[in-house]
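S.K.: Below are the sequence and a predicted model for it; my questions follow.
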Amino acid sequence: MANSISPPPILLALGTWWNWLCQSYSPWQVELLVTVFVQLIGFWLPATVYQLVDICFPEFSKAHKHQPEPHRQPTRAEIVHCIRYAVLVTLADIAIQIGIGYLTEFRPIFVITSTLPTFKEMVRHFVWGNIAHEVLAYYVHRILHLPRFYARYHKLHHSFTAPIAFTGLYSSPVEHFFADIIPIVLPLALVAHYYEPVHILSFNCFLISVLLVGTAEHSGYDFAQPPMSKAHDLHHEKFNVHYGSLHFMDWLHGTNVLKRHRSPEVEGKMKDVGSTAKIYA
């Protein structure tokens with residue numbers, strides 16, 4: 001009889017840890033703990049690493065910045081302020097999750113069981129989550145750039161014309177709720193409510209992908225997920241191009257101008273458009 005193939009030791013260890021977590025805490029507590037943990041490794045860890053590159057390897061950092069000019073880069077005081085603001089936003093997100101838990105009698109949104117989701121389930125929810133997130137986030141972002149909304153809700157985020165990774169959380173409460181929280185939570189929450197159960201690990205695989213992309217595209221570095229980081233860096237520089245993260249919505253609506261931007265004629269036009277956009281600030 002053929003020998004059965006044992007799972008890799010790391011998967012066995014993760015399975016043991018997940019079993020212990022599910023048995024030691026209530027389903028809602030597991031949802032909270034895992035989601036906070038994913039925020040730490042999906043945003044705070046890479047954002048800190050990107051910032052340490054700037055501190056520990058300044059020459060390397062300058063060589064790989066999309067906007068290396070010193071006058072464009074934020075000052076030390078602005079960076080510290082941004083990090084403090086990001087801490088407050090993270091704590092507020094945790095408080096909101098706890099508040100929603102209290103209002104719903106601590107019922108989790110997603111499935112919490114010691115049984116892991118199947119690979120097909122995880123892939124299906126991962127793909128749907130990213131597509132729906134891109135569509136929602138794109139349209140919310142376009143709305144935030146309308147003159148009636150820009151100065152009140154979105155200008156704060158664009159105060160960093162050369163972004164750093166921590167600016168991913170540097171936004172007004174209204175923008176953060178509608179542009180960050182809703183596009184992330186709503187797609188899979190609707191699936192879980194109306195269609196089929198969604199495992200908490202499926203949701204957090206999707207969540208960490210969104211956080212890693214968002215952190216990389218705000219990093220300002222050319223080695224962080226090109227061309228996504230270049231496109232979003234150009235959005236901060238020019239204001240009205242590249243509203244999405246995965247950029248298929250930009251392609252669909254004609255706001256994906258990264259390749260055309262390289263020509264001298266378009267370069268001049270983009271400078272004019274960028275100046276016009278700043279009027280709204």
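M.R.: Thanks, I have it.
S.K.: For the closest residue to residue 117 other than its chain neighbours, report the pLDDT, please.
M.R.: Spatial nearest neighbour of residue 117, excluding adjacent residues (CB to CB, 6 or more residues apart in numbering): residue 199 at 3.8 Å. All C-beta atoms are positioned from the backbone trio N, CA, C, and that covers glycine. At residue 199, the model reports a pLDDT of 94.
S.K.: now swap in the one 5 residues further on and tell me
M.R.: Per-residue pLDDT puts residue 204 at 94.
S.K.: before we move on, back to that, list the contacts for the residue nearest to residue 117?
M.R.: Applying CB atoms under 8 Å, 6 or more residues apart in numbering to residue 199 gives the contacts 110, 111, 113, 116, 117, 121, 122, 125.
S.K.: secondary structure class for the nearest residue to the fourth one once chain neighbours are set aside?
M.R.: Meaning residue 116. Nearest-residue entry for residue 116: residue 201, 6.5 Å, with adjacent residues in sequence omitted and distances by CB to CB, 6+ apart. Of the three states, residue 201 takes helix according to DSSP: H, G, I helix; E, B strand; the rest coil.
S.K.: where along this protein do the strands fall?
M.R.: Under the criterion DSSP state E, the chain carries no strands.
S.K.: show me where pLDDT drops low in it?
M.R.: The chain contains residues with pLDDT under 70 at 1-12, 225-229, 257-281.
S.K.: one more time with 90
M.R.: For the chain, applying pLDDT under 90 flags the ranges 1-22, 58, 61-73, 104-106, 113-119, 147, 158-163, 193, 216-281.
S.K.: ok, which stretches of it are helices?
M.R.: 9-24, 27-39, 45-56, 58-64, 76-103, 119-144, 147-149, 173-175, 182-194, 200-217, 228-238, 248-253, 264-279 (DSSP state H).
S.K.: And the fourth one, how far out from the chain middle?
M.R.: Taking CA atoms, centre = their mean, to the nearest Å, the mean C-alpha location of helix 58-64 is offset from the chain mean by 24 Å.
S.K.: Using CSV, please lay out the helices of the chain together with distance to residue 161.
M.R.: Shown next, in CSV, are those (distance: least, CB to CB, whole Å):
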stretch, distance to residue 161
helix 9-24, 42
helix 27-39, 26
helix 45-56, 16
helix 58-64, 17
helix 76-103, 11
helix 119-144, 16
helix 147-149, 18
helix 173-175, 17
helix 182-194, 24
helix 200-217, 15
helix 228-238, 5
helix 248-253, 19
helix 264-279, 9
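S.K.: just so I know, which of the ones you listed lies nearest residue 167?
M.R.: Closest of those to residue 167 is helix 76-103, at 5.9 Å (criterion: CB to CB).
S.K.: Quick check: buried residues in the closest one?
M.R.: Using 16 or more other CB atoms under 10 Å as the test for burial, helix 76-103 gives 79, 82, 83, 85, 86, 89, 90, 93, 97, 101.
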